[in-house]
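> the amino acid sequence is not available; the structure is as follows:
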């Protein structure tokens, strides 16, 4: 379990997420996860966003784009969930990646 010191609200809990499955498709990647309470969570990142954050050309395979940024993508997914971003799936956008 993680906690973070908030500036005005004291300590707040950050959810632990366990990533369980990744499905790579031609149009992007879907990432399945489970929250610490057992709630299923789904994230999605499209191929264009992968190209934007990686800086690779269009002919690079989606699986290569994802694997090259896997840790960063999972970190952004975790931060987005902890920041309250919701959806089914939770879409990971290029604006969520600081250097994109």
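Received it, and whenever you're ready, just let me know what you need. Every value quoted in this text rests on a predicted model; they were computed, and no experiment measured them.
> longest helix anywhere in the protein?
helix 70-82 (DSSP state H).
> residues contacting the very next helix or strand once past that helix, please?
Note on helix 70-82: by DSSP states H and E, the next helix or strand toward the C-terminus is strand 90-91. Strand 90-91 has contacts (Cβ atoms under 8 Å, 6 or more residues apart in numbering) with 41, 42, 43, 44, 45, 46, 77, 80, 81. In short, each C-beta sits where N, CA and C put it, glycine included.
> mean confidence for strand 90-91?
For strand 90-91, the mean pLDDT works out to 98.
> neighbouring strands of it in the sheet, and parallel or not?
In the sheet containing strand 90-91, its partner strands are strand 40-46 (parallel), by DSSP bridges.
> mind listing what's buried along the longest helix of the chain?
Residues of helix 70-82 classed as buried by neighbour count (16 or more other Cβ atoms under 10 Å): 73, 74, 76, 77, 78, 80, 81, 82.
> and of those residues, the nearest to residue 34?
Proximity of the buried residues of helix 70-82 to residue 34 (Cβ to Cβ) peaks at residue 81, which lies at 11.3 Å.
> please name the residues that touch the closest one.
Here residue 81 is in contact with 15, 17, 33, 35, 41, 90 (Cβ under 8 Å, 6+ apart).
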